[in-house]
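**Student:** Build the 3D model from these lines:
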Amino acid sequence: MIAVPTTPAREPQQDRSRATRQRLLEASVQAMADLGWSGTTVAVVAERAGVSRGAAQHHFPTREDLVTGLIEYMTEVRATEIETAVAGLRSGPRRTEQVLVVLVGLYRGPLFRAALHVWTAAAVDASLRAQVRPLEAALGRTAHGMAVELLRVDEQTPGARETVQATLDLARGLGLGELLHDDTARRARVLRQWAATLDTVLPPTS
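**Tutor:** The predicted structure follows:
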């Protein structure tokens with residue numbers, strides 16, 4: 001008599017469910033980046049993900065559920081990008097400039113554009129703002145910790161923490177400046193000069 005397995009049968013279905021959710025989250029980032037807050041609905045995301053609206057609503061019954069999932073997903077993706085960037089940096093005379101390029105990269109591309117639309121909507125929507133703030137704060141702490149690690153600074157040095165925060169503000173501003181036109185040449189000059197400034201004012205950790 002052949003024994004019939006009782007539990008593994010669910011695994012392929014669970015895998016498909018996870019894959020569907022992943023496609024929906026990836027599609028939601030692209031939709032938010034391309035269409036903005038008002039254009040990103042469950043129906044639009046389902047179409048972009050290539051799944052039925054019913055399947056999308058199984059994972060995200062409402063637009064609010066979709067946005068919550070989107071914000072959490074963006075935070076996870078950004079954390080992974082940070083870890084990858086840290087691993088890829090090389091030592092050398094222009095290392096600080098390389099670090100700044102990495103930090104500016106956090107504020108470029110579809111993920112940043114999508115986040116920007118969410119932040120703008122949250123500015124006038126108290127309930128959405130309550131959702132966004134904790135995740136944005138966590139991402140901010142992660143980015144700050146990454147900057148401290150990559151720039152190899154000692155935050156006990158007076159002014160060091162504020163200088164790191166100013167560096168992140170600069171990176172965000174350069175990312176915003178690129179939204180409407182190609183700012184490559186100016187950005188490179190600014191980063192080169194700021195790297196020279198950081199090498200002067202931020203003593204490295206021992």
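**Student:** low pLDDT regions in this structure?
**Tutor:** The model of the chain has pLDDT under 70 over residues 1-11, 90-92, 203-206.
**Student:** Could I get the full set of helices for it?
**Tutor:** Counting by DSSP state H, one finds helices in the chain at the ranges 10-39, 42-49, 53-59, 63-88, 95-105, 109-122, 126-151, 160-177, 184-201.
**Student:** who touches the most centrally placed residue in the chain in this structure?
**Tutor:** Averaging the C-alpha coordinates of the chain gives a centre point, and the residue nearest to it by CA atoms, centre = their mean is Arg78 (3.5 Å). Applying CB atoms under 8 Å, 6 or more residues apart in numbering, we find Arg78 in contact with Leu106, Leu111, Leu139, Thr142, Ala143. All C-beta atoms are positioned from the backbone trio N, CA, C, and that covers glycine.
**Student:** Quick check: it vs Glu136, distance?
**Tutor:** In this structure, Arg78 lies at 11 Å from Glu136, with CB to CB, to the nearest Å as the measure.
**Student:** Leu70 too?
**Tutor:** The gap separating Leu70 from Glu136 is 13 Å, by CB to CB.
**Student:** quick one: which of those two has more around it?
**Tutor:** Leu70 (23 against 18; other CB atoms under 10 Å).
**Student:** Which residue, other than its chain neighbours, is closest to the more buried one?
**Tutor:** The spatially closest residue to Leu70, leaving aside those adjacent along the chain, is Ser28, at 4.6 Å (CB to CB, 6 or more residues apart in numbering).
**Student:** Farthest-apart pair in the contacts of Arg78, please.
**Tutor:** Of all pairs drawn from the contacts of Arg78, the greatest distance, 13.9 Å, lies between Leu111 and Thr142 (CB to CB).
**Student:** Settle it for me: which of the two has more neighbours?
**Tutor:** A side-by-side neighbour count of Leu111 and Thr142, using other CB under 10 Å, places Leu111 first with 19 against 16.
**Student:** Look up how far His181 lies from the more buried one.
**Tutor:** In this view, Leu111 and His181 are 20 Å apart by CB to CB.
**Student:** repeat for Glu26
**Tutor:** Where His181 is concerned, Glu26 sits at a distance of 27 Å (CB to CB).
**Student:** With neighbour numbers in mind, choose between those two.
**Tutor:** Between Glu26 and His181, counted using other CB under 10 Å, Glu26 has the larger neighbour count: 16 against 7.
**Student:** which ones are touching that one?
**Tutor:** Listed by CB under 8 Å, 6+ apart, the contact partners of Glu26 are Ala49.
**Student:** make it 6 Å
**Tutor:** Taking CB atoms under 6 Å, 6 or more residues apart in numbering as the definition of contact, Glu26 has no neighbours.
**Student:** now do Arg53
**Tutor:** Ala43, Ala46.
**Student:** same thing with the one 10 residues further on?
**Tutor:** Listed by CB under 6 Å, 6+ apart, the contact partners of Arg63 are Val42.
**Student:** Alright, that wraps it up for me.
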